[in-house]
Every structure is written in C-alpha cells, then in structure tokens.
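S.K.: I would like to see how this sequence folds:
(chains A and B)
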Amino acid sequence: MINIEFNGQIQSHGTPLNIEQLLAFHQQALEGIAVVLNGNIVTRSEWANTLLNDHAKVRVFRAIAGG
Amino acid sequence: MLKIADKSFTSRLFTGTGKFATPELMSQSIQASGSQLVTMAMKRVDAQDQQDDILAPLIKAGVNLLPNTSGARNAEEAIFAANLAREALGTNWLKLEIHPDPKYLMPDPIETLAAAEKLVEQGFVVLPYVHADPVLCKRLEDAGCAAVMPLGAPIGTNKGLRSRDFLEIIIEQANVPVVVDAGIGAPSDAALAMELGADAVLVNTAMAVAKDPVAMAKAFAQAVEAGRSAYLAGLGAELRHAEASSPLTAFLDTL
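M.R.: The predicted model follows:
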C-alpha cells in the first residue's frame, strides 16, 4: 500500500502506479495540464515512465480563462 | 501586417478569455473580434474543481494562445508559472505579469525585468505587462522581450488611456511592437491607442462584461481597424487657434 498526495488530498493505492495511471485514477482531462511531482515539473512524455513512490506529492495545474 | 517574434497577425486586437459568463459566449466573442492571439491563465487544480473546458473551443477556432503568469508575486514564481504554461499548452509565448498587490494589480517592474531576462534565456517569447514606463520598456526591449505591453489604466477598470502621455513616449522610442494592455474600457479607447501608433491592443474586461459581448467584440474590431487606418493616414496637427475650413472671402462687405 502506498500513499500519494494528489492536489492536496492523500489517497492510498494498492499497487504502484505511474503519473499517467494516477491521472486516469483521478479522471483528469489530459489536455492543457502540467504535472508537478515533489516540486518539479514532469514533462508529458515522461508521465508513463515516472513511477510514484510512497508519499509522492503530485500537483496538477490547468490552463483556465484569464486576461 | 503585425509581426511579433515568429508570428504574423492580420488582426491587431488581442483578447483575454476571462470574465465571460459562459465558454460559449467567450468563444463567440473571440470569433467576432477576429482576434488571433488570446490570453489564458494557469491554475492549480483543487480536488473538487469542476472547470469549464475553454481550451478545446480555442484550439478549434485556430487562435494562438498566450498564457500568462497571473498570480505570480515575484520573478521566481513567474518563471515557474511560465514553465508550467509551456508544458501545459505547448507554446513558448508568454504574457509575463507579476503583480503582488491585489488591490491595484500594479505590475512589479523590478521582478518583471529580472524574470524577463531569465525567461528570454530559457527560450520564451516574452511579452511583459508593465506600467507605462518608457525607461522600463527600453530595458525590457534590451533584455530581448518580443514586445512590450504597457497599461492604459489598472486592470479591469475600464478607465481608458490614463497613461496616454507616457504611452506616446513608449511608442516613439520602441523598436519592438507596443501592445496597449489593461484599462481599455471602450472601443474609442482602443481606437485612440491605435491612432497614437500602438501596434496592437489587448482587451478583455470591456468585452466580457458588456451587455452583449459578441456585439462589443465586433465594435472593438472596427475601432482597432479605424484607429490603425487613421494612424497610417496621418492625423492633422493640433492648433491653438482657429483655422478656417471655408475661405473667408469678404463678399458680404459689398452688400
């Protein structure tokens, strides 16, 4: 069992997972987002290869309306 | 045609996407404006967030995206936001804005210059939002910014070109495009900016909060075009005394 913090909420997962799987788990639309893992931006091409450790902190940022 | 960095624009009206009542209204207004460059913001997603998808209609409309760094309070935060935006939207174009003061949203010139220098090094096409400060605009140009975006008045105030005298100096001195941003409240403000020789204007609030945003977007497009045409046609000089438009012949004296 590993605990991963996603956008400020801690969630337990039974099996190890990568960023792509975590985004799917949280039903995140994949267009127009950036992912930050433990304070560092992870580029889109690395999402599938980036396995998340216990206590990983993942933040998603999304493009929204603005002036 | 307006050229900024590697892109050319037939429309000199740039638009923001904020404050529209619905994504549909935003999309229709942008289309009516003819704008080819639209701003977006970045936001940290909260667990319970339900965000409207505004990206899909913008991509469908074929407009260029100009992500901003709104929310950044210093250069470090702005650089982080810039990299997030580049990752999220796949563009290296950036509206650099750093305003730590939420009441007046005055851009911080020191942090903006520091951030601009670093972001240009990192390969961004930087369009900084700044006060109408001619010295700062030259410094940003020297730092490699692709354009400068001085304000007409504080963001969202609809007060028009309160900074007019300084905008004129900036326009006179600039070797990069000048985009008048913020404060433009009416099409007449946009026309005036263009008559003064601005290369483009950026409008958001005045369109988004209008009773009919789509009609207002069209009005802004017409104003920008009229202002640009007037600038190219060459405005007559202002005089202190009257100068007759009709010949002042003395024929009445003979009656």
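
S.K.: which residues touch residue 29?
M.R.: Here I'm looking at chain A. Neighbouring residues of residue A:29 by CB atoms under 8 Å, 6 or more residues apart in numbering or on different chains: residue B:53. In this view, the C-beta of every residue, glycine as well, is placed from N, C-alpha and C.

S.K.: ah, no, chain B please
M.R.: Listed by CB under 8 Å, 6+ apart, the contact partners of residue B:29 are B:15, B:20, B:207-208, B:213-214, B:216-217.

S.K.: can you give me the neighbour number for the residue of the stretch 101-250 of chain B at minimum distance from chain A?
M.R.: Nearest residue of the stretch 101-250 of chain B to chain A, counting by CB to the nearest CB: residue B:204, 3.7 Å away. Residues lying near residue B:204 (other CB atoms under 10 Å in any protein chain shown) number 24.

S.K.: for residue A:48, same thing?
M.R.: For residue A:48, the count of nearby residues is 11 (other CB under 10 Å).

S.K.: helix, strand or coil for it?
M.R.: The three-state assignment at residue A:48 reads coil, by DSSP: H, G, I helix; E, B strand; the rest coil.

S.K.: for chain A, which segments count as strands?
M.R.: Ranges of strands in chain A, per DSSP state E, are A:2-6, A:9-13, A:33-37, A:40-42, A:56-65.

S.K.: just put these in JSON lines and tack on mean pLDDT and mean neighbour count.
M.R.: Below are the strands of chain A laid out as JSON lines (pLDDT from 0 to 100; neighbours: other CB atoms under 10 Å in any protein chain shown):
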{"stretch": "strand A:2-6", "mean pLDDT": "93", "mean neighbour count": "17"}
{"stretch": "strand A:9-13", "mean pLDDT": "91", "mean neighbour count": "12"}
{"stretch": "strand A:33-37", "mean pLDDT": "95", "mean neighbour count": "21"}
{"stretch": "strand A:40-42", "mean pLDDT": "96", "mean neighbour count": "14"}
{"stretch": "strand A:56-65", "mean pLDDT": "92", "mean neighbour count": "21"}
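
S.K.: any chance of those in TSV, plus distance to chain B?
M.R.: Converted to TSV, these look like this (distance: least, CB to the nearest CB, whole Å):
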stretch	distance to chain B
strand A:2-6	7
strand A:9-13	5
strand A:33-37	4
strand A:40-42	6
strand A:56-65	4
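
S.K.: for residue B:159, which of those strands is the nearest?
M.R.: strand A:56-65 (22.5 Å; CB to CB).

S.K.: angle of the closest one against strand A:33-37?
M.R.: Using axes from the mean of the first three to the mean of the last three CA atoms, to 10 degrees, the direction of strand A:56-65 lies 160 degrees away from that of strand A:33-37.

S.K.: other SSEs contacting strand A:56-65?
M.R.: Using 3 or more CB pairs under 8 Å, 6 or more residues apart in numbering or on different chains; DSSP states H and E, the elements in contact with strand A:56-65 are strand A:2-6, helix A:19-25, strand A:33-37, strand B:37-44, helix B:75-89.

S.K.: strand partners (parallel or antiparallel) of that strand?
M.R.: With DSSP bridges as the criterion, the sheet partners recorded for strand A:56-65 are strand A:2-6 (parallel), strand A:33-37 (antiparallel), strand B:37-44 (antiparallel).

S.K.: how about the ones you listed, which one is nearest residue B:154?
M.R.: Across those, residue B:154 has its closest neighbour in strand B:37-44 (16.8 Å, CB to CB).

S.K.: just give me how far the closest one sits from the chain centre.
M.R.: Relative to its parent chain, strand B:37-44 has a centroid offset of 14 Å by CA atoms, centre = their mean, to the nearest Å.

S.K.: what's the angle from it to helix B:75-89?
M.R.: Using the same axes, to 10 degrees: strand B:37-44 against helix B:75-89 is 110 degrees.

S.K.: need the contact partners of strand B:37-44.
M.R.: Contact with strand B:37-44 is made by A:7, A:34, A:59-67, B:7, B:9, B:14-18, B:30, B:51, B:54-55, B:58, B:63-71, B:81, B:84-85, B:88-89, B:95, B:202, B:204, as judged by CB under 8 Å, 6+ apart.

S.K.: change it to 7 Å
M.R.: Strand B:37-44 is contacted from outside by A:59, A:61-67, B:9, B:14-17, B:30, B:58, B:63-68, B:70, B:81, B:84-85, B:88, B:95, using CB atoms under 7 Å, 6 or more residues apart in numbering or on different chains.

S.K.: stretch B:55-70: end-to-end distance?
M.R.: In stretch B:55-70, first residue to last residue: 17 Å (CA to CA, to the nearest Å).

S.K.: for that stretch, buried residues please.
M.R.: Going by neighbour count (16 or more other CB atoms under 10 Å in any protein chain shown), the buried part of stretch B:55-70 is B:55, B:57-58, B:63, B:65-70.

S.K.: ok, and the closest non-adjacent residue to the residue of the stretch 1-150 of chain B found nearest chain A?
M.R.: Nearest residue of the stretch 1-150 of chain B to chain A: residue B:41, at 2.6 Å (CB to the nearest CB). In this structure, residue B:41 finds its nearest non-sequential neighbour in residue A:66, 2.6 Å apart by CB to CB, 6 or more residues apart in numbering or on different chains.
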